[in-house]
Structures are given as C-alpha cells and as structure tokens.
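Student: Next come a sequence and a model predicted from it.
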Amino acid sequence: MLLNRYLLLGVIFILFVVSCHSGPDRVGVFFRIEVNFTRFENPQSQTHDGYYCDSMSACDPQIYAFIELIYEPPASSPKPSEKFVLVHSQCCANVYNMTTHNQIVKTICQVGRHPIPKRVSVKVEVRDKDLFTPNDMIEQFNCQFPFTPLRKEPTSWSQDAACQPLHGPHQIRLYYRFRIYSIYSTECFVPF
C-alpha cells in the first residue's frame with residue numbers, strides 16, 4: 001500500500017515536471033538557425049592581398065564560420081576568433097558549388113524572458129590550406145540577414161545571397177542560404 005502511494009506520487013511529480021518544461025508554451029526563446037554555403041568563387045586563385053594561393057595549382061579553400069546574433073541595443077560578446085569552426089574543405093578548386101553538408105547550425109535556448117535578436121550575422125574566414133607553410137587568408141566575409149523565424153521547421157531555404165567580402169575588390173565571392181524556425185524546449189537539452 002505504501003509502495004503504491006510512493007509510486008503514484010512519483011508519477012504525478014514526473015508528469016508535473018514534463019508538463020512544465022516542454023512544449024511550445026514554455027517561457028523562453030527556442031529557435032534553430034541553419035546557414036548553408038552554396039557556392040564559392042575565386043576565379044583568379046588569389047588571397048585577400050592579391051597574391052596567388054599556390055604557384056602550381058588552384059587554391060585549397062577551407063571555410064571557417066560562426067553565427068553571431070545581433071540585438072538592439074547591442075550585447076557584449078566573446079572574442080570572435082574563439083568561435084570559428086571548420087564548415088567546409090575543398091582541394092584544388094577556385095570556383096565550385098557546394099552540397100547541403102556545408103552548413104553551420106546555431107540553436108538558441110534561453111529559458112525565461114529574453115530579447116529576440118534583430119539580425120543574424122555569419123562571420124566567415126576562407127583560408128587556403130597549405131601543408132608546409134601557414135594557411136593564407138583568402139577572404140573574410142560577413143553574411144547578414146534579418147531574424148525572421150517560421151513557426152515550424154521549414155522544408156525550403158531562403159534564396160541564395162552573396163556574403164559581403166571585407167578585404168578584396170569583390171572578385172572573391174561566397175554565396176549562402178538560410179532558414180530559421182521555432183523548436184520545442186525539449187530539443188534544447190537545457191537542464192531545469
């Protein structure tokens with residue numbers, strides 16, 4: 001009899017915790033941002049300062065990126081160089097299309113009352129991979145778009161757009177597409 005009472009109390013407690021910490025009515029900000037790089041163009045095989053990547057072959061581009069959220073008013077953030085992750089690596093190519101596997105994802109999981117970002121900024125560094133010397137910077141890009149989430153996971157991406165190069169005379173290009181959608185708090189794995 002006592003065991004049944006504890007079992008019933010345990011089930012009630014678990015149902016209470018699950019109902020409080022899951023579902024779309026949970027108080028907080030729960031979104032997923034996916035950015036897919038679709039095309040890279042460096043027809044002259046040059047780095048950001050006008051030198052050639054390699055003397056005997058095409059560039060070996062590696063794309064490093066991170067997603068930064070832009071709030072109004074601006075919030076302080078850690079140094080950008082600590083956030084870059086390798087998204088794509090290609091051997092001996094200056095102009096090529098990319099598959100859907102060249103993407104970076106950011107999940108926003110903020111419990112409680114938080115501001116919604118106004119814009120998304122994807123910071124990108126494209127480097128020429130070298131075996132015997134340090135990697136050369138091909139170009140740095142900033143890919144910005146408004147934070148406009150859909151209610152559920154979309155089946156399609158935005159139209160392709162060009163990232164803004166930060167150094168070169170716009171002859172090196174990187175294209176991307178994105179999608180932003182709401183997720184359930186249970187997809188965040190946030191300890192409550």
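Tutor: On my side now, so go ahead.
Student: per-residue confidence averaged over the longest strand seen in the chain?
Tutor: Secondary structure assigned by DSSP state E gives strand 28-41 as the longest strand of the chain. Over the span of strand 28-41, the pLDDT mean works out to 89.
Student: got the buried residues for it?
Tutor: Residues 29-38, 40 are the ones in strand 28-41 that count as buried (16 or more other CB atoms under 10 Å). In this view, the C-beta of every residue, glycine as well, is placed from N, C-alpha and C.
Student: In its sheet, which strands sit next to it, and in what direction?
Tutor: strand 95-97 (antiparallel), strand 103-111 (antiparallel), strand 173-182 (antiparallel) (DSSP bridges).
Student: Save those strands as CSV, and put in mean pLDDT and mean neighbour count too.
Tutor: Output for the strands paired with strand 28-41, formatted as CSV (pLDDT from 0 to 100; neighbours: other CB atoms under 10 Å):
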stretch, mean pLDDT, mean neighbour count
strand 95-97, 79, 12
strand 103-111, 87, 17
strand 173-182, 92, 20
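Student: between those strands, which gets nearest to Tyr71?
Tutor: Closest of the strands paired with strand 28-41 to Tyr71 is strand 103-111, at 11.5 Å (criterion: CB to CB).
Student: Thank you, goodbye.
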